[in-house]
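# Here is a sequence with its predicted model. Questions after.
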Amino acid sequence: MAKAPKTGVREIARIAGVSLGTVDRALHGRAEVSESTRKKVLAAARQLGYQPNLTARALASARSTTRIGVCIPREIRFFYDQVRDGILDEAKRYSHLGLEVLYQPVPALGTGESAALRRMFRSNVRAIILTPGHPGRVAPLIDEAEKARNIRVVCVASDDSASARSTAISVEPYLNGALAAELMAKMSPGPARVAVVTGMLATEDHARKVQGFAAELQKERPEGQIVAVIEDHQEESESYRKCLQLLKREPELSGIYVSTANCLPVCRALRENGAAGRVKVIATDLFKDAVPWLENGTIAASIYQHPYLQGQSAVRLLVDHFLQGAELPRVHYLNPAVVLRANLRLFREVG
C-alpha cells in the first residue's frame, strides 16, 4: 500500500511501545532511530501486514541521505577494481532513494585501514563496506562502529569473524583452497611437491585458503608435500623474487597455488626459469592480463571469486536491510567457478 492509515500507524506505535514520530522515522529508514527500535517497529508493522512501499521511502530519502562508506584496497587492481565497480554500479541503481557512496580506498591490503575508518566515522555513514587486511588491528574499530555508533559493517573479499561486523561476503575461502588442491592433485603427476603463494597469513581469507588447500591435498595425495608457503604481501616484485628463489631451491616442484589475484609475477618467474607448463599453476580470479597465460598453458586453471558480484551483493544486502528491514546474514558465501582455457571467454572480465 502507498501509505499506512493513521490508525495503522497508531497501532504499530502501540505494539512497539514508541511514539508516532518514531514509527515514521523507522518505517522510512531514517538515521535517527536505533537499530533495536527500528527492528521493533518493523516487526510490529509485519504483524499488522503493513509493508511501506519504496516510493514513499524514496521521497523520504530525498530529504535524508543514506551514506555508505567503502574502504577497499587499490592494489591488487585486477581484483579490487572489479569489487569497486560492483559496489558503485549497484549504488547508482538506488541513488534515487538517497543512497550515497563515500569512497575511501586504501593503497593496499592492510595499509591505512584504521585511519580510513575513523574518517568515515566523522562523515555520518550508516554502513561501511570493508576489506580487512589485519583483522586483529581493525576489530576494535569495527566493534566501535557496530556497538557504539550503530553503523553496519560489511566485510567483503576477506573477513574479520571475531569482530562484531554484521556480515561478510566472499567465496568461502576454505572451499576455495580445497577446490584448488583437488584440481592440483588431478593435474600434477608424481608425488605432488607443491607450493602456495598467498598475500598475508594475518589476513583471515588468505589463511583459510591455505588451510583448505593443505587439508584437501592431504586427502587427495597423502604422499604429497607443501614445500613452501610464500607470503608476498600482494607486491609483484616480492612475489617474483621469492618465486625465482623457490624454483631454484625446488627443482622438482610440480605445482603452485596462487591464492590471490597476484599471479602474473609467478608466471613470469616460471617463464624465466624455463618451468612454465611443467609446474602447474592454479591461480585465483581472472583478468585480461592473465588471459595469455591461460591460453599458453602456464596457468592450468583459476578459481573465480566473482569480485564484481561481491561488490554488488554488499550493496544489495544493505539496501534490503535499511529499506525492507531484512536481517543481515552472518555470512554470504558465493559459489566459486573454475576457469579453464575452454571457458575463459564466458567471464565478464574477458568477454
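Received it, and whenever you're ready, just let me know what you need. Numbers count the residues shown, from 1 in each chain.
# For the strand or helix carrying residue 140, buried residues please.
Per DSSP states H and E: residue 140 is located in helix 135-143. Applying a neighbour-count criterion of 16 or more other Cβ atoms under 10 Å, the buried positions in helix 135-143 are 135, 138, 139, 141, 142, 143. The way it works is simple: take the backbone N, C-alpha and C, and place the C-beta from them, glycine included.
# ok, so of those, who is nearest residue 71?
Nearest to residue 71, judged by Cβ to Cβ, of these is residue 138 at 9.3 Å.
# what's the closest one in contact with, if anything?
For residue 138, the contact set (Cβ atoms under 8 Å, 6 or more residues apart in numbering) comprises 113, 114, 117, 130, 132, 160, 163.
# go with 6 Å
Contacts for residue 138 (Cβ atoms under 6 Å, 6 or more residues apart in numbering) come out as 113, 132.
# got any ranges where the stretch 1-150 of the chain has weak pLDDT?
1-7, 28-32, 51-64 (pLDDT under 70).
# could you pull out the strands for it?
Using DSSP state E, counting those that start in this stretch, the strands found in the stretch 1-150 of the chain span residues 66-71, 73-75, 99-103, 106-108, 127-130.
# ok so, going back, beyond the helix holding residue 140, next helix or strand please.
Next along from helix 135-143, by DSSP H and E: strand 152-156.
# Partner strands of that following strand, with direction?
Strand pairing for strand 152-156, determined by DSSP bridges: strand 127-130 (parallel), strand 167-171 (parallel).
# Using CSV, list the CA coordinates for that strand.
Output in CSV follows, covering the C-alpha atoms of strand 152-156 (Å, rounded to 0.1, in the frame of the first residue of the first chain):
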residue,chain,number,x,y,z
ARG,A,152,26.6,-1.7,9.9
VAL,A,153,29.9,-3.1,8.8
VAL,A,154,30.1,-5.5,5.8
CYS,A,155,33.4,-7.3,5.2
VAL,A,156,33.9,-8.1,1.5
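# That strand - what's its average pLDDT?
Average pLDDT, strand 152-156: 98.
# Kindly report the same for stretch 266-276.
Across stretch 266-276, the average pLDDT comes to 97.
# Likewise for stretch 171-179?
97.
# Dump the C-alpha coordinates for it into CSV.
Extracted in CSV, the C-alpha atoms of stretch 171-179 (Å, rounded to 0.1, in the frame of the first residue of the first chain):
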residue,chain,number,x,y,z
VAL,A,171,33.7,-17.1,-2.0
GLU,A,172,34.1,-19.3,1.1
PRO,A,173,37.9,-19.3,1.5
TYR,A,174,38.4,-22.8,2.9
LEU,A,175,36.4,-24.2,-0.1
ASN,A,176,38.4,-22.0,-2.4
GLY,A,177,41.7,-23.6,-1.2
ALA,A,178,40.2,-27.1,-1.2
LEU,A,179,39.0,-26.8,-4.8
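# Any idea how far that stretch is from the middle of the chain?
Distance of stretch 171-179 from its chain centroid, counting by Cα atoms, centre = their mean, to the nearest Å, is 13 Å.
# Helices of the stretch 251-351 of the chain, residue ranges please.
Remark: helices assigned in the stretch 251-351 of the chain by DSSP state H, counting those that start in this stretch are 264-273, 291-295, 307-324.
# before we move on, the earlier item: output the buried residues of helix 135-143 in a markdown table; the columns should cover distance to residue 99.
As requested, the buried residues of helix 135-143 are exported to a markdown table (distance: Cβ to Cβ, whole Å):
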| residue | distance to residue 99 |
| --- | --- |
| 135 | 28 |
| 138 | 24 |
| 139 | 27 |
| 141 | 23 |
| 142 | 22 |
| 143 | 25 |
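# neighbours around residue 14, how many?
12 (other Cβ atoms under 10 Å).
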